[in-house]
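In: this one's sequence-less:
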C-alpha cells in the first residue's frame with residue numbers, strides 16, 4: 001500500500017536493494033489504508049513514490065492496483081511486463097470522468113492488459129446502471145487482449161449492468177474467457193451467452209431477479225465451451241423449472257457448477273437429490289464439482305402433496321456422488337406449505353440467508369453474512385449454536401417479531417468476536433436486549449447498528465442507563481428506522497458517534 005511504500009523510501013541503500021529486487025516486487029498495490037493517520041498529504045506521498053520508487057521497479061511490475069487519487073500519476077509510467085490491472089474504490093462519476101478524459105484510450109488497455117478488475121463504489125442513484133452498462137461495453141471494445149474481467153463483482157457491492165436487447169455490435173469479444181458480473185434479470189445472462197463472447201469458458205454471475213423473460217433470447221443452443229458456471233440470486237424465483245434448468249441443460253461440457261438459489265413452487269415438492277440429478281446432473285457428463293445452496297418454498301393450495309421430511313431429503317442424495325449434504329425442513333400445519341434448504345458441505349458461500357429455527361447446525365467457516373428469518377421465536381440456544389458454527393460472521397440480520405419463549409437471567413454469555421454490523425430493525429425487543437446488553441452477548445467489534453428508536457429507548461431506559469453496560473464501545477454508525485426528534489438525553493448518550 002501507499003503508506004508502506006512511502007515508509008520505505010531511502011531507508012538505506014542495502015535495504016533498498018533488497019526491497020526493490022525483481023524477486024520481491026511484481027504486484028504493486030497503490031491503495032490507501034483508510035485507518036492510517038495521514039500526517040503527510042496523500043499527493044505528496046504519491047509524488048515521492050513516483051519520483052523515488054517507480055523508476056526502479058517499473059520494468060518488473062506485472063500486477064497493479066490503483067485508486068482514483070493515484071491512477072493518473074501511476075499510469076504515466078511504462079510497465080512492459082504489466083498484464084493485470086485493478087481499479088478499486090472508484091465513485092461512478094469519477095470513473096466516468098476518466099472515461100471521457102481518454103484515460104482508457106491508453107495503449108496499456110488496448111495492447112497489454114489481459115486481466116482487469118473494476119470496483120465501483122455505490123454512491124450514485126440506481127439510474128446509473130446505464131452508465132455502468134456503457135463502461136462494460138466500452139471496456140470490451142477497448143481492451144483488445146482482455147482474457148479475464150471482473151466487472152463490479154465484489155461481496156460488498158451489487159452494482160448491476162443491464163445489457164438485454166442491446167444490438168449485437170454493442171458488445172463482443174473474441175478473447176474474453178473469464179467474466180464476473182452482476183446483472184438485473186436473466187435476459188442479461190442469456191444475452192451474455194448468445195455468442196458475442198465466443199471464447200467464454202467461465203461465467204460467474206449474480207442475477208437480481210429471475211423472472212419471465214422479456215425478450216426472445218435463445219435458451220436452447222448448446223454452450224460447449226463453457227467449463228465453469230456460477231449463478232447466485234438472492235430473491236425467490238418461480239422460474240427455476242422453466243428458465244434455470246433449461247439454461248443449465250445447454251452446458252454440456254461443464255466441469256464445475258455453483259448454484260445459490262431461492263425457489264418458490266406451487267402445487268409441487270421440494271427440490272431434493274433426485275430432482276437435482278434428473279433435472280441437471282444427467283445433462284453434464286463431465287461435471288467434476290457441484291457446489292450448491294438451494295432453498296425451496298412450497299405452497300400447495302390446489303392439490304394434496306405429502307412434503308418430504310428431512311430424513312427423506314437426506315436419503316434422496318445417497319448414491320448420487322454429491323458428497324456430504326446438509327439440509328433442514330420446516331413444514332407448516334396441514335402440510336399446505338413448507339420450506340427446505342439443501343446445501344453442499346463444506347459450505348462454500350459467504351452468505352447464508354433465511355436461517356430458521358429448523359437449522360440443524362454445522363460448520364460454516366466461509367460465511368460472513370447471515371440473515372435469520374422466522375415467524376416462530378428464536379431461542380438463546382440457537383444464538384449460541386450460531387456463534388459457534390459461524391465463527392467468522394461479520395454481518396447479522398434478524399427478522400423476527402415473536403418474543404423468545406424461554407427467558408432466563410442465567411444463560412451463558414455468547415460471543416461474536418468478528419461481528420461488525422447488526423441489523424435488528426425488524427426484530428422483537430427481546431433480541432435487541434439479547435445482543436446489545438453486555439451481560440448477554442459480547443460484541444467487541446460492533447461498528448454499525450440498525451435499530452428502531454423505541455427499541456433503543458427501552459434497552460437504555462430512555463437513555464439513562466450507563467452506556468458501559470451496552471455493546472457500544474466501538475460503534476461508529478447508528479441507523480434508526482423511523483424519523484424521530486432526538487431528545488437532549490439521546491444526543492448526550494450517543495455523543496461519541
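Out: Right, received. Where do you want to start? Every value quoted in this text rests on a predicted model; they were computed, and no experiment measured them.

In: quick one: end-to-end distance for stretch 219-231.
Out: This stretch, stretch 219-231, spans 16 Å end to end (Cα to Cα, to the nearest Å).

In: list the buried ones in that stretch?
Out: 219, 223, 226, 227, 228, 229, 230, 231 (16 or more other Cβ atoms under 10 Å). (C-beta placed from N, C-alpha, C; glycine too.)

In: and the fifth one, what are its bridge partners?
Out: This means residue 228. residue 202, residue 256 (DSSP bridges).

In: what segments of the stretch 1-150 of the chain are helices?
Out: All helices of the stretch 1-150 of the chain, identified by DSSP state H, counting those that start in this stretch, fall at 2-8, 13-19, 42-52, 54-57, 71-75, 92-100, 107, 129-142.

In: same question, the stretch 251-400 of the chain
Out: Using DSSP H, counting those that start in this stretch, helices in the stretch 251-400 of the chain cover 273-279, 310-315, 380-389.

In: any chance of a markdown table for these, columns distance to residue 444?
Out: Output for those, formatted as a markdown table (distance: least, Cβ to Cβ, whole Å):
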| stretch | distance to residue 444 |
| --- | --- |
| helix 273-279 | 41 |
| helix 310-315 | 36 |
| helix 380-389 | 13 |
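
In: so which of those is nearest residue 331?
Out: Residue 331 lies closest to helix 310-315 among the helices of the stretch 251-400 of the chain, at 9.7 Å (Cβ to Cβ).

In: where in the chain is pLDDT low?
Out: 1-24, 33-43, 105, 122-128, 155-157, 168-169, 333-335, 408-410 (pLDDT under 70).

In: picking that back up, nearest to residue 438, out of the helices of the stretch 1-150 of the chain?
Out: Proximity to residue 438 (Cβ to Cβ) singles out helix 2-8 among these, at 34.3 Å.

In: of all the helices of the stretch 1-150 of the chain, which one is nearest residue 384?
Out: helix 2-8 (40.2 Å).

In: picking up where we left off before, distance to residue 164 and mean neighbour count for the helices of the stretch 251-400 of the chain - can I get that in JSON lines?
Out: Output for those, formatted as JSON lines (distance: least, Cβ to Cβ, whole Å; neighbours: other Cβ atoms under 10 Å):
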{"stretch": "helix 273-279", "distance to residue 164": "25", "mean neighbour count": "17"}
{"stretch": "helix 310-315", "distance to residue 164": "36", "mean neighbour count": "16"}
{"stretch": "helix 380-389", "distance to residue 164": "39", "mean neighbour count": "17"}
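
In: and the ones you listed: which comes nearest residue 247?
Out: That would be helix 273-279 among these, by Cβ to Cβ, at 11.6 Å.

In: thinking again about what came up before, now mean neighbour count too, for the helices of the stretch 1-150 of the chain, in TSV please.
Out: Shown next, in TSV, are those (neighbours: other Cβ atoms under 10 Å):
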stretch	mean neighbour count
helix 2-8	16
helix 13-19	11
helix 42-52	15
helix 54-57	15
helix 71-75	18
helix 92-100	16
helix 107	9
helix 129-142	18
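
In: distance to residue 163 added to the ones you listed, as a markdown table?
Out: Below are the helices of the stretch 1-150 of the chain laid out as a markdown table (distance: least, Cβ to Cβ, whole Å):
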| stretch | distance to residue 163 |
| --- | --- |
| helix 2-8 | 35 |
| helix 13-19 | 44 |
| helix 42-52 | 36 |
| helix 54-57 | 37 |
| helix 71-75 | 26 |
| helix 92-100 | 17 |
| helix 107 | 27 |
| helix 129-142 | 6 |
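
In: list the buried residues for stretch 456-473?
Out: Buried-residue list, stretch 456-473, by 16+ other Cβ under 10 Å: 456, 457, 459, 460, 463, 467, 470, 471, 472.

In: which one of these is nearest residue 348?
Out: residue 471 (30.5 Å).

In: contact partners for the closest one?
Out: Each residue near residue 471 by Cβ atoms under 8 Å, 6 or more residues apart in numbering is listed here: 435, 436, 437, 438, 441, 442, 443, 446.

In: tally of neighbours for the closest residue to it other than its chain neighbours?
Out: Distance criterion Cβ to Cβ, 6 or more residues apart in numbering; nearest residue to residue 471, sequence neighbours excluded, is residue 443 at 4.1 Å. Close neighbours of residue 443, defined as other Cβ atoms under 10 Å, add up to 25.

In: doesn't residue 435 make contact with residue 443?
Out: Yes. Judged on Cβ atoms under 8 Å, residue 443 makes contact with residue 435 at a distance of 6.9 Å.

In: shared neighbours, the two?
Out: Joint contacts of residue 443 and residue 435 (Cβ under 8 Å, 6+ apart) are 422, 471.
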